[in-house]
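>>> Here is a sequence with its predicted model. Questions after.
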Amino acid sequence: MIKPDVEKRIIETGAMAIVRVETIERGLEIAEACLEGGVDVLEISYTLPNAGEVIKAINDKFKDQILVGAGTVLDSETARLAILAGAKFIIAPTLSSEVAVMCNRYRIPYGPGCTTVSEMVQALELGASFVKAFPISNFYGPSLVNVVKTPMPYMPVMASGGVTLDNLAEWIKNGVDSVGLGGLLTKGSKAEITENARKITDIIKATRAAM
């Protein structure tokens, strides 16, 4: 899958599960539950040492049914390990020129965390595919996207934090390209995760159709 296809799929799905799991088995269970509910993009966080193994296991089982990437990638070494494990995109809570270079070298979409407009512009200059509004999406809410995109409508924004079932439609209306969701798509039983994924998918589709 080439870089533009990955970027397009992230935006088309509109939601990304942020996954941190202790075991590969639980990672596969979450992946299957999300897929059944319509969320086919997963970010596996490198806050845990088994992230690469989880990424590989999901790729091996689901192939192109699921687009799996790596999260919490703070340095180029981790980025390279993630890419070797099969990550199709790289997400981080911070902006790193070294990670950007690594991702550009291997044509992997990069979404760094940015807290200011200046950082967001710098991220695009370094070749980022989109910017992760982190941790500011928690504090400013859905209006953040419109504030950023009014002067810079070309800025691809992913919200990370502060997104709920109750305000998801507002995020979409304000122009967010994708939202990262943790607990809704990783906690509870498989059936509960599938139901939440289905609700999220329905909200995104209905809101976009009405715009």
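Done, it's in.

>>> what's the spacing between the nearest residue to Leu48 once chain neighbours are set aside and Ile44?
Spatial nearest neighbour of Leu48, chain neighbours left out: Arg20 (5.8 Å); criterion: CB to CB, 6 or more residues apart in numbering. For glycine as for every other residue, the C-beta is placed from the backbone atoms N, C-alpha and C. Using CB to CB, to the nearest Å, we find Arg20 at a distance of 8 Å from Ile44.

>>> Settle it for me: which of these two has more neighbours?
Neighbours were counted for Arg20 and for Ile44 using other CB atoms under 10 Å; Ile44 has more, 32 against 20.

>>> Paired strands for the helix or strand harbouring that one, with orientation please.
Assigned by DSSP states H and E, Ile44 falls within strand 41-45. Strand pairing for strand 41-45, determined by DSSP bridges: strand 15-19 (parallel), strand 67-71 (parallel).

>>> Arrange these in a markdown table, one row each, with mean neighbour count as further columns.
Listed next are the strands paired with strand 41-45 as a markdown table, based on neighbours: other CB atoms under 10 Å:
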| stretch | mean neighbour count |
| --- | --- |
| strand 15-19 | 25 |
| strand 67-71 | 25 |
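
>>> can you redo those strands as a markdown table with distance to Pro142 and mean pLDDT?
A markdown table is the format used below for these (distance: least, CB to CB, whole Å; pLDDT from 0 to 100):
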| stretch | distance to Pro142 | mean pLDDT |
| --- | --- | --- |
| strand 15-19 | 14 | 98 |
| strand 67-71 | 22 | 98 |
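
>>> for these, which one sits closest to Thr207?
Across the strands paired with strand 41-45, Thr207 has its closest neighbour in strand 15-19 (11.8 Å, CB to CB).

>>> Residues in contact with the closest one: which ones?
Strand 15-19 is contacted from outside by 10, 27, 30-31, 34, 39, 41-45, 54, 71, 158, 160, 178-182, 185-186, 197, 200-201, 204, using CB atoms under 8 Å, 6 or more residues apart in numbering.

>>> what does stretch 35-43 give?
Outside stretch 35-43, the residues within contact range by CB under 8 Å, 6+ apart are 9-10, 13, 15-19, 30-31, 34, 58, 62, 65-71, 89, 91, 178, 180, 185, 193-202.
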